[in-house]
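Chemist: Got a sequence here, can you model it:
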Amino acid sequence: MVEQNTELLDAIFHALSDPTRRAMLTGLARGPRNVGDLAAPFDMSLAAASKHIKVLEKAGLVKRSVQGRTHVCSLDALPMHAGVEWMRHYEKFWNQQLDTLEAILEAEDLAAAEDKRKGTKP
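Modeler: Below you'll find the model as predicted:
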């Protein structure tokens, strides 16, 4: 199993669980944005947008800098790697399960075809 920092994973998945925060990250992937720009597409106050940004900051997905009175946010996607690695472990698990199911179904199909060829029924 992948070594994991539980607090970091919890923070990342919590941050990504909200569609507003995911949309903010999508905007930040195009370049740095100030808080007002991040809040603009949503029907929310700057204070509400700031709360979302704080969740993203806690997960390490957003870095905020202050330029005068303007807070500028930028994306740091590196922490997402921990979440991807965690999911990759389970992807391997499910691939193994599906491979086993496929083998069982293929064996049943072969047995049914053999029974049909012999004229017997299972």
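
Chemist: going forward, measure contacts and count neighbours with C-alpha atoms only.
Modeler: Noted.

Chemist: quick one: the strands in this structure?
Modeler: For the chain, the strands defined by DSSP state E cover 33-34, 62-67, 70-75.

Chemist: Which of these sits closest to residue 109?
Modeler: Evaluated over the strands of the chain, closeness to residue 109 peaks at strand 70-75, with 50.8 Å, by Cα to Cα.

Chemist: What residues sit buried inside that closest one?
Modeler: Residues of strand 70-75 classed as buried: 72-75 (neighbour count, 16 or more other Cα atoms under 10 Å).

Chemist: okay, the strands of the chain in JSON lines with distance to residue 108 and mean pLDDT next?
Modeler: Formatted as JSON lines, the strands of the chain follow (distance: least, Cα to Cα, whole Å; pLDDT from 0 to 100):
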{"stretch": "strand 33-34", "distance to residue 108": "57", "mean pLDDT": "95"}
{"stretch": "strand 62-67", "distance to residue 108": "52", "mean pLDDT": "94"}
{"stretch": "strand 70-75", "distance to residue 108": "51", "mean pLDDT": "95"}
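
Chemist: could you dump those to CSV with distance to residue 114?
Modeler: Output for the strands of the chain, formatted as CSV (distance: least, Cα to Cα, whole Å):
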stretch, distance to residue 114
strand 33-34, 65
strand 62-67, 60
strand 70-75, 59
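
Chemist: Of those, which is nearest residue 53?
Modeler: Minimum separation from residue 53 across the strands of the chain (Cα to Cα) falls at strand 62-67, 7.3 Å.

Chemist: angle of that closest one against strand 70-75?
Modeler: With axes from the mean of the first three to the mean of the last three Cα atoms, to 10 degrees defining the directions, strand 62-67 sits at 150 degrees from strand 70-75.

Chemist: Can you list the strands that strand 62-67 pairs with?
Modeler: Sheet pairing for strand 62-67, assigned by DSSP bridges, gives strand 70-75 (antiparallel).

Chemist: and for the partner strand, what are the contacting residues?
Modeler: With contact meaning Cα atoms under 8 Å, 6 or more residues apart in numbering, strand 70-75 is reached by 25, 28-29, 31-35, 61-66.
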